[in-house]
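S.K.: Fold the following for me, if possible:
(one chain, ligands or ions: 1)
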Amino acid sequence: MTPPDDATAPVRHPDAPAPGELLGAHYAHCFGCGDAQPHGLMLQARAAEGVAITAEFTVKPEHQGAPGLAHGGVLATALDETLGSLNWLLRVIAVTGRLETDFVRPVPVDTVLHLEAEVTAVAGRKIYSTAVGRIGGPDGEIAVRADGLFIEVKVDHFIDNGRPEEIQAAMSDPDQVRRARAFEVNP
Ligand SMILES: CCCCCCCC(=O)SCCNC(=O)CCNC(=O)[C@H](O)C(C)(C)COP(=O)(O)OP(=O)(O)OC[C@H]1O[C@@H](n2cnc3c(N)ncnc32)[C@H](O)[C@@H]1OP(=O)(O)O
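M.R.: Residues are numbered from 1 along each chain as shown. A predicted model of the protein is given here:
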């Protein structure tokens with residue numbers, strides 16, 4: 001998870017959403033951010049300065065592991081989704097290759113997890129990024145942390161591997177932006 005010596009600093013795409021702008025769901029059925037997933041996280045990410053974002057996720061009863069506490073895998077999903085959203089600021093299509101997560105404190109149901117993430121380096125197709133999630137407010141205690149390694153892929157990654165029903169449905173969406181963003185492609 002350490003960038004190689006020839007890694008470079010990430011470059012914010014000129015058409016990246018302005019700092020403060022909500023990114024919106026990239027795909028309505030995404031478990032991380034989609035608004036058509038009633039049991040999903042409905043995570044809301046917002047562009048920040050540089051190649052960074054902030055995001056919020058409210059832990060619901062359906063996200064429990066232990067009684068009254070968020071499931072660790074759900075928290076890892078929130079971190080994965082937040083880190084994955086960063087690639088939209090680079091306008092690079094990428095998928096998670098590796099995710100290393102530290103669970104620092106338990107996160108109760110009804111808590112808002114305040115996430116901050118940034119890309120730290122890029123090396124060829126590899127994008128290195130890091131995130132923290134806080135509870136008790138945006139400046140609260142750190143509850144979770146993750147480092148991510150995303151690998152740039154072509155749109156064929158989704159078309160060749162996704163279930164045909166969903167691929168067809170996403171590609172037939174008359175909304176050009178929604179169609180492109182389902183695969184995180186620059187419309
Ligand atoms: C649309 C956006 C949705 C966002 C949702 C949130 C993000 C997600 O959860 S994405 C879903 C989860 N992830 C996946 O399903 C990915 C599944 N894995 C794969 O498809 C492949 O392993 C993939 C594409 C990551 C890499 O395969 P491939 O393209 O053949 O790459 P490959 O040539 O092996 O490796 C490229 C480089 O990445 C490195 N790499 C690849 N995988 C890893 C890994 N797991 N750990 C460390 N390094 C890795 C390789 O070492 C190589 O490095 P170098 O260039 O220095 O030699």
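S.K.: Quick one: neighbours of the closest residue in space to residue 185 that isn't next to it in sequence, just the number.
M.R.: In space, residue 185 comes closest to residue 155 once its chain neighbours are excluded; the distance is 5.4 Å by C-beta to C-beta, 6 or more residues apart in numbering. All C-beta spots, glycine's among them, are computed from the backbone N, C-alpha and C. Residue 155 has 13 neighbours, counted by other C-beta atoms under 10 Å.
S.K.: cool, and residue 172?
M.R.: Residues contacting residue 172 under the criterion other C-beta under 10 Å number 8.
S.K.: May I see the buried residues of the biggest helix by length in the chain?
M.R.: Criterion DSSP state H: the longest helix present in the chain is helix 72-90. Across helix 72-90, burial judged by 16 or more other C-beta atoms under 10 Å covers 74-90.
S.K.: now do stretch 124-134
M.R.: Per 16+ other C-beta under 10 Å, stretch 124-134 contains these buried residues: 126, 127, 128, 129, 130, 131, 132, 133, 134.
S.K.: what do you get for stretch 173-184?
M.R.: 178, 180, 181, 182, 183, 184.
S.K.: Among the residues you listed, which one lies nearest to the ligand?
M.R.: Closest approach to the ligand among the buried residues of stretch 173-184 (C-beta to the nearest ligand atom): residue 184, at 3.8 Å.
S.K.: can you give me the strands for this protein?
M.R.: Along the chain, counting by DSSP state E, strands occupy 44-47, 52-58, 94-103, 112-123, 126-135, 141-152.
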